[in-house]
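# Predicted structure and sequence below. I'll ask about it afterward.
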Amino acid sequence: MMDNYLNENFGRVKSKNSSEEALQRWRDMCVLVKNPKRRFRFTANISKRHEAQAMRRSNQKLRIAVLVSKAALQFQQGAEASDHTIPDEIKAAGFGISADEAGSIVENHDSKRLKSHGGVDGLAHKLKTSTTNGLAMDDQDLSCRQKLFGTNEFTEREQQSFWVFVWEALQDMTLMVLAVCAFVSLIVGIATEGWPKGAHDGLGIVASILLVVFVTATSDYRQSLQFRDLDKEKKKISIQVTRNGYRQKLSIYELLPGDIVHLAIGDQVPADGLFLSGFAVSIDESSLTGESEPVKVNAENPYLLSGTKVQDGSCKMLVLTVGMRTQWGKLMATLSEGGHDETPLQVKLNGVATVIGKIGLCFAIVTFAVLVQKLLAVKITERTHWVWSGDDALMLLEYFAIAVTIVVVAVPEGLPLAVTLSLAFAMKKMMNDKALVRNLAACETMGSATTICSDKTGTLTTNHMTVVKSCICMNVKDGIKQETSEIPDGALKILLQSIFTNTGGEVVSNEKGQREILGSPTDTAILEFGLSLGGDFQSERQATKVLRVEPFNSTKKQMGVVLELPDGSVRAHCKGASEIVLAACDKVINENGEVVNLDQESLHHLTTTIDRFAGEALRTLCLAYIDLESGVSAETPIPSSGYTCIGIVGIKDPVRPGVKESVALCRSAGITVRMVTGDNINTAKAIARECGILTDDGIAIEGPDFREKSLEELLVLIPKIQVMARSSPLDKHTLVKHLRTTFGEVVAVTGDGTNDAPALHEADIGLAMGIAGTEVAKESADVIILDDNFSTIVTVAKWGRSVYVNIQKFVQFQLTVNIVALIVNFTSACLTGSAPLTAVQLLWVNMIMDTLGALALATEPPNEELMKRAPVGRKGNFITNVMWRNIFGQAVYQFAVIWLLQSKGKSFFGLDGDDSDLILNTLIFNSFVFCQLFNEVNSREMEKEDVLDGILENKVFVSVIAATVIFQVIIIEYLGTFANTTPLTTTQWLFCIFTGFLSMPIAVFLKKIPVGGKMKI
């Protein structure tokens, strides 16, 4: 019944991309919240998100207004542009333009103002930079430039101080009511019994409230610091920059106006600037304006805005404006206040807290009514109902405080917050294990994953590539032994031209003057091969003029370049997937260096070579060229056929150490691993077998074949697919969508390219590669794998399961305390007219089960046993039958102990005299607390009998238990005046400890009782 209620009202929030309606609905359902500030701290701030959306809309309207009224603006501002006044401090530093003036050029797309400053070259001169060598500066110049133009950092919310968290913890409605009770108790107590005796009860409640507030605030403050550290990690983006004459990688926060930045597909534009040079640049401005249509950027429209993404092409840009002077900087300030989306588990536990809170409120009202009725009955019997003393007032106040404290204990405010605590702990630990969590919900969702669709290159393999075999001019050789003398001069010249011009990489000199190869691992391997053949990168690049570039993308699986040669002729080079490029060839260079027709024999030789290379787990690429007619422009598409094959290279990318073991671990954990790659099917199969992914009963299929299958065929095929080769981003997206919707799988997907973004977005958990991944892929991902290693993905799955299980442990522990505390106080009030647990004692119990309990159980590290169980999947119940068995079993035992103590305690311990009730209530309180402590240990394992295994390795757990025991001794022995307790004898202490200890063998007995719906994690 509870599951149905939770699913109906709190089950609509997804692990990501939840609708605003779903986020608002569960908030509206939380009718009984003790402390809204604390409960909703780690949830989305919907109002701030509305502000960010409004800002995006205004940016879009501004852009439209700028475009519509450009002519008028240019007319009005023409005089201003030429009359730009340079501030004295700018002039004194040798600059020819101010930060505000530079910013207005990009923000307003002001072509006239740009022209008045001498275009891009004129602005570069005024910013004291070179468009080829970048900024040349020492530390003094650096600090001067930062002072005048600002740094590339965004204003964020200041870190809240510890005292803010103390203030927010004090906002708890029940604590405020108890504080009022304490104040009234102090006034009445001092008036009737004098100081200090009359103040004890009131001061006891005040001290308890302060202890709860400070422990709560400390826990929340530590969590906020952890999240802040993780947010900083998320924003660490590096970019390629030319500075001081050489190319280097810098953090975007180090950028300054005048820097020359190199942008490629998938990069985020790090600042406002202008296009210098490049090809086919297409920019996605949706993050800034909400406009999904890409914008073409070139010499005519050179404006690049911070925060936008490079959708296609590559270019160099001149940085003009940084930080808060950019539109993105202003938007980021608002976005940072939007908060994280709440996770499904957080929402569900908010539902549990609401249900239990309502029950607790009913119990509290009935308890208060019964206690008052008992008091009235006594007074009526004694005929004193018209005479009310200070003691009677204090008694009523005590009853009211007990009722309020029952609400404190009954509303498990700590449940949703325990999720946040566990996630914060897991995220920090995962960071040490090379996984950066961007989306909170991904942590818990990864624990339910049933399928991982992994890339091959860089994830299963090392991504350190070298050309180890080649087939140039029809001759197959080991790449490392290829001699230039074996290649005819004409063919060698064309080969080196193809290698050094048709590439996304570069050969540069670094700071130490040493040669360094930049670019993707594939480009680096081929450039290295070209250098080993005696080629010179710079001379080849300078010898030709680039007319058009078509960068590599995973749909075409090839890249091309059109060159104007020194003699004025035009040639296009093509490089890409061997069978695709070879299919576009009708000629080949033979062993004599002559261009001949590609006959069947030659074609058979080349396809056999490709298959042989692929069978050795080599990545194969084909290089080809075509001579074009003169008069080809930059707009003319590169031909799709008629090429001459230069040769084929086989690139070795070794399998990462430990991948085979990680795949086997996934299989034992019930997680299916599928390889989805753009490589040749034979290469993919060879690597998949080496990793243990492809088994005898599995299927390897190519993307084009997969696309042609009907829906009925796919339903039969998809469960058996283990390898998909030559796949396009759309194939990956289709596979993920079917696995999720048709087969109900919880899917984790890895991706590194811009085109992987749809699949990462569609998946339950998107995993982007930290090294090879583009900024677009990282933006769409939930987790960034910082070392690009498949073993790290398995670690994420292990931590995900740990988070899920830890929250279950805590829920089991807390619900047990809730049930017992409610029933004990309620039944005792109904039957005896008094409550055995006072307000101060219940506040202490609340802290044990809420803040301290969450700290102990929600931070349990993962163990190997977690990966030997089947995953929860999409439909697993969070509160399982196993948990209900443990909860009710322990609750019955604890209730029986307390009830026996209440009814037989005095005779058993031989208690009589005036203090017998106080001693008995102290025994009940002490036994109750030790039952919770031992049950906390029991809760470490829900099914395993050995709950002490590895307990000493969890220092947090041991510290919490030790601290609780020490405080309990202090409360009983030394704070009796405030806590309504009295010191106990050694025998009584041993009895209380033994009573608590008995819950452990009872837990073992309970775990032997079989239950339906066995726990699935």
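Arrived safely. From a predicted model like this one, the values you see are computed outputs, not experimental measurements.
# drop to CA atoms for contacts and neighbour counts, all remaining ones
OK.
# what's the first-to-last distance across stretch 904-916?
12 Å (C-alpha to C-alpha, to the nearest Å).
# ok, now stretch 677-684?
Taking C-alpha to C-alpha, stretch 677-684 runs 7 Å from one end to the other.
# Let me see the mean pLDDT of it.
Confidence over stretch 677-684, taken as the mean pLDDT, stands at 89.
# shaky segments in the stretch 351-500 of the chain?
Residue ranges of the stretch 351-500 of the chain with pLDDT under 70: 385, 390, 409-411, 413-414, 417, 479-483.
# What is the burial count for Glu528?
18 (other C-alpha atoms under 10 Å).
# Tyr974 now?
With other C-alpha under 10 Å as criterion, Tyr974 counts 14.
# Touching, it and Leu984? I think so.
No: counting by C-alpha atoms under 8 Å, Tyr974 does not reach Leu984; the two are 10.8 Å apart.
# Need the overlap of contacts for those two.
By C-alpha atoms under 8 Å, 6 or more residues apart in numbering, Tyr974 and Leu984 have no common neighbours.
# following the helix or strand where Ile807 lies, which helix or strand comes up?
Element membership of Ile807 [criterion: DSSP states H and E] is helix 790-832. Once the chain leaves helix 790-832, the next helix or strand it forms, by DSSP H and E, is helix 839-847.
# That following helix relative to helix 790-832, how many degrees between them?
Counting by axes from the mean of the first three to the mean of the last three C-alpha atoms, to 10 degrees, helix 839-847 lies at 160 degrees to helix 790-832.
# Who are the packing partners of helix 839-847?
With contacts taken as 3 or more C-alpha pairs under 8 Å, 6 or more residues apart in numbering; DSSP states H and E, helix 839-847 sits against helix 200-234, helix 390-410, helix 976-979.
# rerun at 10 Å
helix 173-193, helix 200-234, helix 390-410, helix 790-832, helix 853-857, helix 916-938, helix 955-974, helix 976-979 (3 or more C-alpha pairs under 10 Å, 6 or more residues apart in numbering; DSSP states H and E).
# Of all those helices, which one comes closest to Ala264?
With C-alpha to C-alpha as the measure, helix 200-234 is the member of the helices and strands packed on helix 839-847 nearest Ala264 (20.4 Å).
# how many degrees apart are the closest one and helix 839-847 in direction?
Angle, helix 200-234 to helix 839-847, by the same axes, to 10 degrees: 20 degrees.
# quick one on the thing from earlier: I'd like the average pLDDT over the helix holding Ile807.
85.
# How about stretch 907-914?
85.
# Between its first and last residues, how far does that stretch reach?
For stretch 907-914, the first-to-last residue distance is 15 Å (C-alpha to C-alpha).
# State the separation between that stretch and the centre of the chain it belongs to.
59 Å (C-alpha atoms, centre = their mean, to the nearest Å).
# for the helix or strand harbouring Leu274, packing partners?
For Leu274, the element it lies in under DSSP H and E is strand 272-284. Judged by 3+ C-alpha pairs under 10 Å, 6+ apart, strand 272-284 is in contact with helix 99-107, helix 119-126, strand 260-263, strand 295-297, strand 303-304, strand 309-321, strand 545-553.
# how about Gln902, what does it touch?
Gln902 makes contacts with 828, 832, 836, 896, 917, 920-921, 923-924, as judged by C-alpha atoms under 10 Å, 6 or more residues apart in numbering.
# follow-up on the earlier one: tilt between the strand holding Leu274 and strand 309-321?
Using the same axes, to 10 degrees: strand 272-284 against strand 309-321 is 170 degrees.
# burial count for Leu603?
18.
# Tell me which residues touch it, please.
Contacts of Leu603 by C-alpha under 10 Å, 6+ apart are 582-583, 585-588, 597, 609.
# My guess is Leu717 contacts Asp697. True?
No: in this structure, Leu717 is not within contact of Asp697 by C-alpha atoms under 10 Å, at 11.9 Å.
# Mind checking which of those two has more residues around it?
Ranked by neighbour count (other C-alpha under 10 Å), Leu717 and Asp697 place Leu717 first, with 15 against 8.
# what's the spacing between that one and Glu762?
Distance from Leu717 to Glu762, by C-alpha to C-alpha: 21 Å.
# end-to-end on stretch 568-581?
Distance across stretch 568-581, first residue to last, is 26 Å (C-alpha to C-alpha).
# quick one, what contacts Gly122?
Gly122 touches 96, 114-116, 128, counting by C-alpha under 10 Å, 6+ apart.
# got any ranges where the stretch 51-200 of the chain has weak pLDDT?
51-84, 155-158, 174, 188-189, 192-193, 197-198.
# And the stretch 851-1000 of the chain, by the same measure?
If you take pLDDT under 70 as the line, the stretch 851-1000 of the chain has these spans: 874-876.
# so where do the helices sit in the stretch 601-750 of the chain?
659-668, 681-691, 703-708, 711-717, 729-741 (DSSP state H, counting those that start in this stretch).
# Next, count neighbours for Phe275.
Around Phe275 there are 22 residues (other C-alpha under 10 Å).
# just Leu440 next, same as before
22.
# That one touches Met427, doesn't it?
Yes: counting by C-alpha under 10 Å, Leu440 does reach Met427; the two are 8.3 Å apart.
# I'd like the helices of the stretch 601-750 of the chain as TSV, with distance to Glu511 appended.
TSV is the format used below for the helices of the stretch 601-750 of the chain (distance: least, C-alpha to C-alpha, whole Å):
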stretch	distance to Glu511
helix 659-668	36
helix 681-691	38
helix 703-708	44
helix 711-717	54
helix 729-741	38
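# Those: which one's closest to Leu901?
Short answer: helix 659-668, nearest of these by C-alpha to C-alpha, at 48.8 Å.
# for the closest one, packing partners?
Against helix 659-668 (3+ C-alpha pairs under 10 Å, 6+ apart) you get strand 451-454, strand 672-676, helix 681-691, helix 790-832.
# which other residues reach the shortest one?
With C-alpha under 10 Å, 6+ apart as the test, strand 451-454 has contacts from 446, 460, 666-667, 670-677, 722-724, 732, 735-736, 739-740, 745-751, 763, 765-767, 790, 793-794, 797, 871, 873.
# Try it again at 6 Å.
With C-alpha atoms under 6 Å, 6 or more residues apart in numbering as the test, strand 451-454 has contacts from 671-676, 747-750.
# Which strands border it, and is each parallel or antiparallel?
Using DSSP bridges, strand 451-454 pairs in its sheet with strand 672-676 (parallel), strand 747-751 (parallel).
# What is the distance between that strand and the centre of its chain?
Taking the mean of its C-alpha atoms, strand 451-454 sits 17 Å from the chain's own mean (C-alpha atoms, centre = their mean).
# can you check the last one too?
Offset of helix 790-832 from its chain centre (C-alpha atoms, centre = their mean): 24 Å.
# Give me the helices and strands touching that helix, please.
In terms of contacts (3 or more C-alpha pairs under 6 Å, 6 or more residues apart in numbering; DSSP states H and E), helix 790-832 is packed against helix 344-381, helix 440-446, helix 881-909.
# Single out the most deeply packed of those helices.
helix 440-446 (a mean of 27; mean count of other C-alpha atoms under 10 Å).
# quick one: contacts of it?
Contacts of helix 440-446 (C-alpha under 6 Å, 6+ apart): 15, 343, 765, 782, 797, 800, 804.
# which of those lies closest to Ser306?
Nearest member of the contacts of helix 440-446 to Ser306, counting by C-alpha to C-alpha, is Asp782, at 22.5 Å.
# For that closest one, give its distance to Val958.
In terms of C-alpha to C-alpha, Asp782 sits 33 Å off from Val958.
# who has more neighbours, the two?
Asp782 (27 against 15).
# residues contacting the more buried one?
Contacts of Asp782 (C-alpha under 6 Å, 6+ apart): 438-439, 442, 765-766.
# Just the buried residues out of the contacts of strand 451-454, in PyMOL syntax.
Buried members of these, defined by 16 or more other C-alpha atoms under 10 Å, are picked up in PyMOL with:
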select buried, resi 671+672+673+674+675+676+747+748+749+750
